[in-house]
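**Student:** Prediction below, plus the sequence it came from.
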Amino acid sequence: MRSVLFLSFFLLFLNCEDKQTKKKGTSKTKVVQPLEEEAINDSFQEPEREFPKLNSKSAMEFFLEYDKIHKENKVRITTDFGEIDILLYNETKFHRSNFIFLTKQNYFNGTQFYRVIDNFIVQAGNSDDIKTARKRAHIGKYLLPPDTKRGFKHKRGVISMPSSEIRNPHKLASPFEFFIVCQKNGAHFLDGDYTIFGHVTRGMDVIDKIAAVKTDDGDWPDKNIFIRNVEVIE
């Protein structure tokens, strides 16, 4: 009888130990997992949204309304080589509004002049930094229609918007990027294909310094040329 009681007690003891072990294992998983998720969420935390996320269908209506309130048309671009002041044209209101909007969203800060061709153009607004990709993802993915019949020509000093090269027969404009013509006699073969939406009023000497930087075979400068800040000045 004693041996039967002893065996029953022993089996009950083992069963309790097994349950306690499972409880401990489960509790460890529940404690560790939320901490890891919290760390990931903190590192990829999206900024607070002041405006709706844009796409190609909503962008035109958004900038039409944005244009009614935000009438600023002068910006200052601070680069590693100096300052560039630009007057944006009211005639190309969607492209002007887009540039003012991105400026106020601090999109351009930290981007680079990534394509430099001496005596032709310098192109900026992109970067291989993941922060730039995150900014674009937050703002939205959209293109702007060309607005090339305002009489503006690609003369030296104008700022124009490149088109997206992917599935884009209508040369819709890539809104996050821009190029400035530095060719002495202009680059008039670009007329009619790309939207001119402003011109440099101060800082063409800075543009020429950027254009003179040595580049690789892909026109990427050998040294990084950052846009440190873009601000509305009027």
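**Tutor:** Good, I have the coordinates. Residues are numbered from 1 along each chain as shown.
**Student:** helix/strand/coil for the nearest residue to Thr79 once chain neighbours are set aside?
**Tutor:** Excluding the flanking residues, the one nearest Thr79 by Cβ to Cβ, 6 or more residues apart in numbering is Ile227, at 5.7 Å. Bear in mind the C-beta positions are built from the backbone N, C-alpha and C, glycine included. Under DSSP: H, G, I helix; E, B strand; the rest coil, Ile227 falls in the strand class.
**Student:** need the helix or strand of this protein with the lowest average pLDDT.
**Tutor:** Taking mean pLDDT, DSSP states H and E as the measure, the chain has helix 2-43 as its least confident helix or strand, at a mean of 40.
**Student:** element containing Asp205?
**Tutor:** helix 204-211 (DSSP states H and E).
**Student:** Run through who's touching that helix.
**Tutor:** Here helix 204-211 makes contact (Cβ atoms under 8 Å, 6 or more residues apart in numbering) with 79, 81-84, 113, 116-120, 122, 156-157, 180, 182, 200, 221, 225.
**Student:** right, and the residue nearest to Thr79 touches Thr78 too?
**Tutor:** Yes. Between Ile227 and Thr78 a contact is recorded at 7.2 Å, counting by Cβ atoms under 8 Å.
**Student:** State the number of residues packed around Glu83.
**Tutor:** When neighbours are counted by other Cβ atoms under 10 Å, Glu83 registers 13.
**Student:** cool, and Ile207?
**Tutor:** By other Cβ under 10 Å, 23 other residues sit near Ile207.
**Student:** Return the distance of the spatially closest residue to it that is not a sequence neighbour relative to Val158.
**Tutor:** Nearest residue to Ile207 in three dimensions, chain neighbours excluded: Cys182, at 5.1 Å (Cβ to Cβ, 6+ apart). Per Cβ to Cβ, to the nearest Å, Cys182 is found 10 Å from Val158.
**Student:** tell me, what's touching those two both at once?
**Tutor:** Common neighbours of Cys182 and Val158 (Cβ under 8 Å, 6+ apart) do not exist.
**Student:** how about the strands in the chain?
**Tutor:** 54-55, 74-79, 82-88, 112-117, 121-126, 140-141, 158-161, 178-181, 195-202, 227-232 (DSSP state E).
**Student:** Ok, which of the ones you listed comes nearest Phe94?
**Tutor:** With Cβ to Cβ as the criterion, Phe94 lies closest to strand 195-202 of those, at 8.7 Å.
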